[in-house]
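> Please find the sequence and the predicted model below.
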Amino acid sequence: MKKFVLPLLIFFMAGLYIFSIPEDPTILKVTFKLIPMILILVYAYLQCRSKPNPTQWILLVGLFTCMLADGFIAYSFILGLATFLVGHLFYVVGFSRAWKFSKIRFAMILFILTYSFLMGQTLVTALMENENTALVIPVIAYVIVISLMAWTAIMTRSKWAILGSLLFVLSDSILSWNMFVSDVPQSTFLIMSTYYSAQFFIAHSLEQNDYTLF
């Protein structure tokens, strides 16, 4: 029963943030937004069972960096985007160290590239039409990096890392579509529920014995 206490607390605090915390004041919003991520970071560390190995440390740093990005993005979209990009780079490095080659998994890059190209093209077109040209390069860079993150997660063969990475892509797709293309109904719920789930599953993947080999 004890092992379910922290996940249930994460679920509760995430729901509290999504459904109960008002937009203002910003500091209150940011504080409650970060609490689930702090708990997820603790949960990730506990999954390591003993002292984290290098791969696990890299993924823990990725989680921590994304937590920082959660706070930054409330005050500066560019700073938050750049910090999330760095967080994804840590994920890429960590997942790459747990690489397990398979022709089928390797071929998944074709689906990821297709989706990324179509999503990126739509976002760039919307940005150009709305004269947000300053965001074109950062958005393209982010699409490339998060796509690489998803592919390297697939190559780990860890079902939790794969699920987490794909949910992360879904969350950011909804967010970017809502911001730049058109309004998405229930966007806050969809974005944050998939985001917290993504980070939780990535955190849970640290329990995998596969990571102990690197």
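Yep, that arrived. Residues are numbered from 1 along each chain as shown.

> Tyr91: neighbour count?
Using other CB atoms under 10 Å, Tyr91 has 29 other residues around it. Every C-beta, even on glycine, is put in place using the N, C-alpha and C of the backbone.

> My guess is it contacts Ala150. True?
No: counting by CB atoms under 8 Å, Tyr91 stays clear of Ala150, with 9.3 Å between them.

> anything in contact with each of these two?
Residues within reach of Tyr91 and of Ala150 at once, by CB atoms under 8 Å, 6 or more residues apart in numbering, are Ser165.

> what about this protein, any weak spots by pLDDT?
1-2, 208-214 (pLDDT under 70).

> so how far is Phe77 from Ile38?
With distances taken as CB to CB, to the nearest Å, Ile38 is found 22 Å from Phe77.

> and what of Ser171?
As for Ser171, its distance to Phe77 is 16 Å (criterion: CB to CB).

> higher neighbour count, those two?
Ser171 (21 against 13).

> Would you mark the buried spots in the helix or strand harbouring the more buried one?
Assigned by DSSP states H and E, Ser171 belongs to helix 159-176. In terms of neighbour count (16 or more other CB atoms under 10 Å), helix 159-176 has its buried residues at 160-176.

> can I assume Ile112 is in contact with Met149?
No: with contact defined as CB under 8 Å, Ile112 and Met149 do not form a contacting pair (9.8 Å).

> Which one's more surrounded, these two?
Neighbour count, other CB under 10 Å: between Ile112 and Met149, Met149 has more, with 29 against 19.

> give the contact list for that one.
His88, Tyr91, Val92, Phe95, Ser165, Phe168.

> Tell me the one among these nearest to Ile58.
Nearest to Ile58 among the contacts of Met149, counting by CB to CB, is Tyr91 at 8.2 Å.

> Quick check: the most centrally placed residue in the chain vs Leu148, distance?
The residue lying closest to the centre of the chain (CA atoms, centre = their mean) is Phe168, at 4.1 Å. To Leu148, Phe168 is 12 Å away according to CB to CB.

> and if you look at Ile202?
In terms of CB to CB, Ile202 sits 15 Å off from Leu148.

> can you pull the contacts of the spatially closest residue to Trp99 that is not a sequence neighbour?
Of all residues beyond its chain neighbours, the one nearest Trp99 is Met155 (5.1 Å), with distances taken as CB to CB, 6 or more residues apart in numbering. If you count contacts by CB under 8 Å, 6+ apart, Met155 has them with Phe95, Ser96, Trp99, Lys100, Phe101, Ser102, Arg105, Phe106.

> run the last query once more with 7 Å
Phe95, Trp99, Lys100, Arg105 (CB atoms under 7 Å, 6 or more residues apart in numbering).

> Tell me where the chain has helices.
2-20, 26-47, 54-72, 77-97, 103-129, 136-154, 159-176, 187-204 (DSSP state H).
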